[in-house]
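# quick one, structure for this:
(2 chains)
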Amino acid sequence: MTRHLTMDELLALRAGEGGSAVRAHLASCADCAAELERVAQRVAALKALRPARASRDRWPVVRSRIAAERRKRWVRRGTLMVTAVAASLALTLGLMSRGERGLPAAVEGPAIEAWQAQSQELEGLLAAYAGGGRVVDGRTAAVIADLEDRIALVDAGLMQARRVNAPVTDVAELWRGRVELMNALVSAHTTRTSYVGF
Amino acid sequence: MPSAATVIDALDDLAIQRARTGDLDALERVYRSYEGLVYATARRICRTPEDAEDVLQETFLEVCRSIGRFRGEGPGRFTAWIKRVAASKALMRIRREKYREADELTEDGPVAGSMDSDVMLSMDLEAALARLPEVSRAVVWLHDVEGYTHEDIAEMMERTVSFSKSQLARAHARLRRWLGQERDA
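Below is the predicted model of the structure:
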């Protein structure tokens, strides 16, 4: 090679790349070797530059924005809760009217038994985790209360279903919902965070 | 800039776990531990201190919103994640603000032994770095100081690896010239 190395070639050499001709030139050219050393010195000087510091504290803004976003989320969640209650009531009323019309209904069945067994198992787990009287933070406590309210609604629906001899599919659906909520409740007690995410 | 070791000492796994639950006091601790690191990176990439402060704010808003989904283990991974968020936010800002300057210089000729009329400018490194076009400055800072690879930088900038490499070479050629580091013929 009859010319000096370009900056691209010098940087490639510094990164452990570069072809044999480039390496051979570097080995024989004091100017290029010195240039490569200056690149290394420049990088070292860049790393040694004094860090800039922010003149204003931005945490109060971040905190208030995050708090506002959470408030909005809670309002949305509250709206969903009201919708869930309304849906549950509608289901109960629907079951009542079907029962009054004397539609065929059977509350027993293998699917229901499976959901009931799971529900019972989760009740046992819950007693083990929640019975310790451990302190939970405010957010987790709110989540637990929310889930317990929803389970109470499902239980009311199940009682109503029994009263009106509701169809087995509806009862199975209620038990399935109960198991899902119980699972979430057990998770809330064990991880204290898994239900709500962030 | 606080060293990684300082940050790790200040913020152990337990504090990170608390922050992941959304605890605002724990999140403030994360902010206090990392604000220096984030601002220092943002300031080197952004044109003005105000832009860098905005990047600091945007970075921690993102961290607060996403920390529950962070799945890495240990403060080292956590530091790398926050630095990556900061770099991405800073790059996004320079893209958004259309600060990117046309790179009119062609610095692909031989380096050693050449002379330039600007050689005697000889400014200090801080001023020379600030004078670089934003994209070049971002590449030189992320590659040479923060240790990102050209592949990382290309991905963050949504450009090619060769773009990152050529920006780095041009940045070094300019710094060399402005710092008066060229050798006589």
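# all contacts plus neighbour counts: C-alpha atoms, from now on.
OK.
# against residue B:139, how distant is residue B:152?
Distance, residue B:152 to residue B:139, using CA to CA, to the nearest Å: 10 Å.
# ok, these two, which is more surrounded?
Comparing residue B:152 with residue B:139 by neighbour count (other CA atoms under 10 Å in any protein chain shown), the higher total belongs to residue B:139, at 28 against 16.
# so who does that one touch?
B:153, B:164, B:167-168 (CA atoms under 8 Å, 6 or more residues apart in numbering or on different chains).
# so how many other residues sit close to the residue of chain A found nearest chain B?
Of all residues in chain A, residue A:6 sits closest to chain B, with a separation of 4.4 Å (CA to the nearest CA). Other residues near residue A:6 number 20, with proximity taken as other CA under 10 Å.
# what's across from it in the sheet?
Under the criterion DSSP bridges, residue A:6 forms beta bridges with residue B:110.
# and it, how close does it get to residue B:156?
Taken as CA to CA, the spacing of residue A:6 relative to residue B:156 amounts to 27 Å.
# and what of residue A:175?
As defined by CA to CA, residue A:175 lies at a distance of 49 Å from residue B:156.
# quick one, which of these two is more surrounded?
When residue A:175 is set against residue B:156 and neighbours are counted by other CA under 10 Å, the residue ahead is residue A:175, at 24 against 16.
# low-confidence ranges, chain A, go.
Regions of chain A meeting the criterion pLDDT under 70 cover residues A:1, A:76-110, A:129-138, A:191-198.
# which bits of it sit near chain B?
Within chain A, the positions near chain B by CA under 8 Å from any CA of the partner chain are A:3-8, A:11, A:31-32, A:35, A:38-39, A:43, A:45-47, A:49-54, A:56, A:58-59, A:61-63, A:65-66, A:193, A:197-198.
# only whichever of those are buried, select them in ChimeraX.
Once 16 or more other CA atoms under 10 Å in any protein chain shown is used to decide burial, the buried members of those can be selected in ChimeraX as follows:
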select /A:4,5,6,7,8,11,31,32,35,39,43,46,51,52,53,54,58,59,62,63,66,193,198
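# quick one: the helices in chain A, in order.
Residue ranges of the helices in chain A, as given by DSSP state H, are A:7-14, A:20-28, A:30-47, A:59-100, A:110-130, A:138-163, A:168-190.
# and of those, who's closest to residue B:42?
helix A:30-47 (14.9 Å; CA to CA).
# compute the inter-axis angle for that closest one and helix A:7-14.
With axes from the mean of the first three to the mean of the last three CA atoms, to 10 degrees defining the directions, helix A:30-47 sits at 80 degrees from helix A:7-14.
# show me what helix A:30-47 is packed against.
Other elements packing on helix A:30-47 under the criterion 3 or more CA pairs under 8 Å, 6 or more residues apart in numbering or on different chains; DSSP states H and E are helix A:7-14, helix A:20-28.
# pick the most buried one from those helices.
Neighbour counts (mean count of other CA atoms under 10 Å in any protein chain shown) averaged over each of those peak at helix A:7-14, with a mean of 20.
# check which helices and strands it sits against.
In terms of contacts (3+ CA pairs under 8 Å, 6+ apart), helix A:7-14 is packed against helix A:30-47, helix B:161-178.
# restrict it to CA atoms and write it as CSV.
Once non-C-alpha atoms are left out, helix A:7-14 reads as follows in CSV (Å, rounded to 0.1, in the frame of the first residue of the first chain):
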residue,chain,number,x,y,z
MET,A,7,-9.9,7.1,9.3
ASP,A,8,-12.3,4.3,8.3
GLU,A,9,-9.3,1.9,8.1
LEU,A,10,-7.8,3.2,11.3
LEU,A,11,-11.1,2.7,13.2
ALA,A,12,-11.5,-0.8,11.6
LEU,A,13,-8.1,-1.7,12.9
ARG,A,14,-9.0,-0.4,16.3
